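S.K.: the following comprises the amino acid sequence and a computationally predicted model.
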Amino acid sequence: MFEHGQEVLRLEGLCKHYNQGKPTEVQVLHNLQLRLQRQDFVALVGSSGSGKSTLLNLIGLLDTPTAGALYLLGQPTHQMDDAQRTALRGRSIGFVFQFHHLISAFTALENVLMPLMLAGGKPTQAQTALAQHLLAQVGLGRFAQHRPEQLSGGQQQRVAVARALVTQPALVLADEPTGNLDSQSAAEVFALLRRFQQELGCAVLMVTHDERIAQQCQRTIHLADGRVVESAA
């Protein structure tokens, strides 16, 4: 459990250019300011091309900003090298994508354990027990040895939620996590994220096109042409 109100993420004047210094240079993000605290559940909305994916890649430490500062858990990630960013990402950020990206050759349990295996090799008994517990919490305890093709789309996405949480991250980034699901499965996945966010005290930033989902979040950030045009509670 984390202390309520502790700052997880801070963006200061974040900018992103592509093809910098060339005639084809384009600025995708403009001077973004943003703060997320523990237990924040925030929707990020905007039309296609507004910069949502670019922003999520920067926050997820998968890319680096052209200018500005990005602090994760108070650490200046813009001053880190690739290895330092990778290590911080692995222990502090969980990812849930629109498409679950489960590995078909692995069981549900092995897929949940994957972030821990990538970080430290063979998982410990305690880590395996945690992964099993998370599968039970998402209603899939008896499916631990099933492979992805033996699970429904909604079940696969619930495995992906458990995988995102197995490192007990401070920040969960969810990129259209309900966009590929029917309405009932979408509601179930959203409810799971909301419950875990409250129980674990992590922050969640969710990209969504679903207005009903956005309305259930604590706050909505609207992005247009790479700028925050509205941040509504």
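M.R.: Structure's in. What do you need?
S.K.: this protein: helices as residue ranges?
M.R.: For the chain, the helices identified by DSSP state H occupy 52-59, 82-92, 108-120, 125-137, 153-165, 183-200, 211-215, in order along the chain.
S.K.: just the ones you listed: most buried one?
M.R.: helix 153-165 (a mean of 24; mean count of other CB atoms under 10 Å). Glycine gets a C-beta too; all of them are placed from N, C-alpha and C.
S.K.: that helix vs helix 125-137, what angle?
M.R.: With axes from the mean of the first three to the mean of the last three CA atoms, to 10 degrees defining the directions, helix 153-165 sits at 140 degrees from helix 125-137.
S.K.: which strands and helices lie in contact with helix 153-165?
M.R.: The criterion is 3 or more CB pairs under 8 Å, 6 or more residues apart in numbering; DSSP states H and E, and the helices and strands that helix 153-165 contacts are strand 93-97, helix 108-120, helix 125-137, strand 171-175, helix 183-200.
S.K.: run the angle between that helix and strand 93-97 for me.
M.R.: For helix 153-165 against strand 93-97, the angle between stretch directions is 170 degrees (the same axes, to 10 degrees).
S.K.: and helix 153-165, average pLDDT?
M.R.: For helix 153-165, mean pLDDT is 89.
S.K.: now it, how far from the centre of its chain.
M.R.: What separates the centre of helix 153-165 from the centre of its chain is 12 Å, taken as CA atoms, centre = their mean, to the nearest Å.
S.K.: quick check: angle from that helix to strand 171-175?
M.R.: For helix 153-165 against strand 171-175, the angle between stretch directions is 150 degrees (the same axes, to 10 degrees).
S.K.: residues making contact with helix 153-165?
M.R.: Defining contact as CB atoms under 8 Å, 6 or more residues apart in numbering, one finds that helix 153-165 is touched by 94-97, 100-102, 108, 111-112, 114-115, 131, 134-135, 137-140, 143, 148, 151, 172, 174, 177-178, 180-182, 184-185, 188-189, 192-193, 196, 200, 202.
S.K.: can you check stretch 191-203 too?
M.R.: The contact list for stretch 191-203 (CB under 8 Å, 6+ apart) reads 1-4, 8-9, 36-42, 94, 96, 137-138, 158, 161, 165, 168-172, 174, 177, 204, 206, 216.
S.K.: just the buried residues of those residues.
M.R.: Among these, the ones that count as buried by 16 or more other CB atoms under 10 Å are 2, 8-9, 36-42, 94, 96, 137-138, 158, 161, 165, 169-172, 174, 177, 204, 206, 216.
S.K.: just checking, Leu113 touches Val166?
M.R.: Yes - with contacts defined as CB atoms under 8 Å, Leu113 counts as touching Val166 at a distance of 6.7 Å.
S.K.: what do those two both touch?
M.R.: Here Leu113 and Val166 have 127, 131 as joint contacts, going by CB under 8 Å, 6+ apart.
S.K.: wait, isn't Gly226 in contact with Asn31?
M.R.: No - with contact taken as CB under 8 Å, Gly226 and Asn31 are classed as non-touching, separated by 9.1 Å.
S.K.: give me the more crowded residue out of the two.
M.R.: Neighbour count, other CB atoms under 10 Å: between Gly226 and Asn31, Gly226 has more, with 22 against 15.
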